[in-house]
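Asks: Any chance you can model this:
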Amino acid sequence: MGDGYILIIAVLLGCLASTMPVFMALFFTGTLGLVYLEGIDPQIVIEVLYRSMDKFALVVVMFFVLCGNIMTKGSIVEKLIKTANVLVGFLPGGLAMAGVLACGFFGAISGSTVATVVAIGGFMIPALIENGYDEKFAVGVMTTAPILGVIIPPSIAMILYAMVSNDQLEALFLTGFIPGLLIMIAMSAYSWFVCKRMGMTRKKRPSLEETLSVLRESIWALFLPVLIFGGIYSGLFTANEAAVVACFYAFFVEIVIHRDLKLGDVKKVVVSSAITSATLLVIVAGASVFGEYLTFEQIPGKIATVVVENISSPWVFLLSVNMILLFIGMFMDIISATLILTPIFLPLLNQFGIDTMHFGLLMTINLGIGYCTPPLGVSLYIAGATVDRDIIYVSKAVLPFLVIQVIILMILTFLPDLVLLLPRLVYGYGP
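Replies: Residues are numbered from 1 along each chain as shown. Next up, the predicted model:
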């Protein structure tokens, strides 16, 4: 059994190191372990695939993907950026701060880092460079700020974590607000400091009339996150229903009010969203088969036993897990990693008395940082394509901002009460 497990891990690493898609690598190695090493009936694999798709939480993910694509195709993104710019654009480093703030706005609707870096980064990086910002600084801030897309709710990664951990999704969402705010403040403060030191020219402060004009123009776009969170936490609808409401609202605003999305574009948006959703679903399916093999081999329990025997402090455990997740994030996407690793870590949390929602937030940030770390960080390649630079250049550009995010990660690791403050206030969660 031990040799078989080593073989499966070796095959998985070999597949991931090759050009094989992640979902195929997971499905192939999981099937190999179940059918050929353990002698399980192949029909069980089919049943696992069916069960992995038969989850209502995946419908929520697909609707948030659709909502993000609607906003990207229409003008909601542009209006969110204009609003952020009029609020902070006149400060030293104001345009960079506006980019960070816009990532927060967009993340509060889309739930995706990739969607945020494409929609906001693709617009803001050229804008920053045109306005005299250093190219490396512009690339660095707008490659890393989109991590807010998976931290500030609704977060696709948190939806999948809740699906595995059985945490209350609405309460789990609340853990992302304070960390997201801390990241926005820290990155904005760094931008202010750097641009102040460089002596960059400040823009004229907009008049009250100009500010109100932009806010009036953007009111429909700004109301979307208010609708989502107001509806969820007022009890008007659930987090699952919020995704559907957000899609219908975004379609209505873009087609009827803004009129920047034509009826002919609807088919393109839906097809594009279907392709993205299908990509996520096949990863879920492949990860589920591999996860079934891990469960059959009782790997999570064995790992829990080894860890508990060698680590006695919950803080040492969390630091070790942070390092492991940061490393894994360099090679694996957040969807696959969340689905595979959550069942492994959950038994350990009980042993060390660590709250599952606190851990879910830490896992989300760790793996979110992976979007900006080589060699497989997707955000690095997207930002590099925007300015026609290689991954080495972009990796150097993001380094100061990654340091900021890791520092905040460490703070949140040792201050679980800060992470759980809002769930406790709203839902009376925990002690």
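
Asks: For the nearest residue to Glu78 once chain neighbours are set aside, give me the pLDDT.
Replies: Closest residue to Glu78 apart from its sequence neighbours, by C-beta to C-beta, 6 or more residues apart in numbering: Phe123 at 7.4 Å. C-beta: built from backbone N, CA, C; applies to glycine. Phe123 carries a pLDDT value of 81.

Asks: surely Phe123 meets Leu80?
Replies: No: the criterion here is C-beta atoms under 8 Å, and Phe123 misses it with Leu80 at 10.1 Å.

Asks: which of the two has more neighbours?
Replies: Of the pair Phe123 and Leu80, Leu80 is the one with more neighbours under other C-beta atoms under 10 Å, namely 27 against 18.

Asks: which residues does Glu241 contact?
Replies: Contacts of Glu241 were listed using C-beta atoms under 8 Å, 6 or more residues apart in numbering, and they are Gly231.

Asks: Could you say which helix or strand holds it?
Replies: helix 239-252 (DSSP states H and E).

Asks: Pull the distance from that helix to the chain's centre.
Replies: Centre-to-centre, helix 239-252 and its host chain are 19 Å apart (C-alpha atoms, centre = their mean, to the nearest Å).

Asks: ok, now which ones touch the closest residue to Ile147 other than its chain neighbours?
Replies: Leaving out its chain neighbours, the residue that sits closest to Ile147 by C-beta to C-beta, 6+ apart is Gly368, at 4.4 Å. Gly368 makes contact with 113, 147, 150-151, 157, 329, 334, according to C-beta under 8 Å, 6+ apart.

Asks: Skip the chain neighbours and tell me the closest residue to Leu222.
Replies: Among residues not flanking Leu222 along the chain, Thr83 sits closest, at 6.4 Å (C-beta to C-beta, 6+ apart).

Asks: Could you list the low-pLDDT ranges of the stretch 1-150 of the chain?
Replies: Residue ranges of the stretch 1-150 of the chain with pLDDT under 70: 1-5.

Asks: where does the stretch 151-300 of the chain have low pLDDT?
Replies: In the stretch 151-300 of the chain the weaker segments, taking pLDDT under 70 as the threshold, are 201-202, 300.

Asks: Could you rerun that using 80?
Replies: Residue ranges of the stretch 151-300 of the chain with pLDDT under 80: 198-204, 239-240, 279-280, 283-284, 287, 291, 294-300.

Asks: For Thr238, see how far away the residue nearest to Glu78 is.
Replies: From Phe123 across to Thr238, the span is 32 Å (C-beta to C-beta, to the nearest Å).

Asks: I figured Phe352 was touching Leu319, is that so?
Replies: No: contact between Phe352 and Leu319 fails when scored by C-beta under 8 Å: they sit 11.9 Å apart.

Asks: Counting neighbours, go ahead and name the busier of those two.
Replies: The neighbour count for Phe352 versus Leu319, taken as other C-beta under 10 Å, is higher for Phe352 (19 against 15).

Asks: which residues touch the residue lying closest to that one once chain neighbours are set aside?
Replies: Closest residue to Phe352 apart from its sequence neighbours, by C-beta to C-beta, 6+ apart: Pro314 at 4.0 Å. Contacts for Pro314 (C-beta under 8 Å, 6+ apart) come out as 352-354.

Asks: Would you convert these into JSON lines that also reports distance to Ala127 and secondary structure?
Replies: Below are the contacts of Pro314 laid out as JSON lines (distance: C-beta to C-beta, whole Å; DSSP: H, G, I helix; E, B strand; the rest coil):
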{"residue": "Phe352", "distance to Ala127": "46", "secondary structure": "helix"}
{"residue": "Gly353", "distance to Ala127": "47", "secondary structure": "coil"}
{"residue": "Ile354", "distance to Ala127": "42", "secondary structure": "coil"}
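
Asks: can I get those in TSV with pLDDT and distance to Glu209?
Replies: Output for the contacts of Pro314, formatted as TSV (pLDDT from 0 to 100; distance: C-beta to C-beta, whole Å):
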residue	pLDDT	distance to Glu209
Phe352	87	56
Gly353	89	56
Ile354	91	52
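
Asks: hang on, the earlier thing: so who does the residue nearest to Leu222 touch?
Replies: When contacts are counted by C-beta under 8 Å, 6+ apart, Thr83 is found next to 102, 105, 214-215, 218, 221-222.

Asks: 7 Å instead, please
Replies: By C-beta atoms under 7 Å, 6 or more residues apart in numbering, the contact list for Thr83 reads 214-215, 218, 222.

Asks: What subset of those is buried?
Replies: Those of the contacts of Thr83 that meet the buried threshold are 214, 218, 222, by 16 or more other C-beta atoms under 10 Å.

Asks: Sitting in strands, which of those do you find?
Replies: Secondary structure defined by DSSP state E assigns none of those to strands.

Asks: Out of the contacts of Thr83, which sit inside helices?
Replies: 214-215, 222 (DSSP state H).
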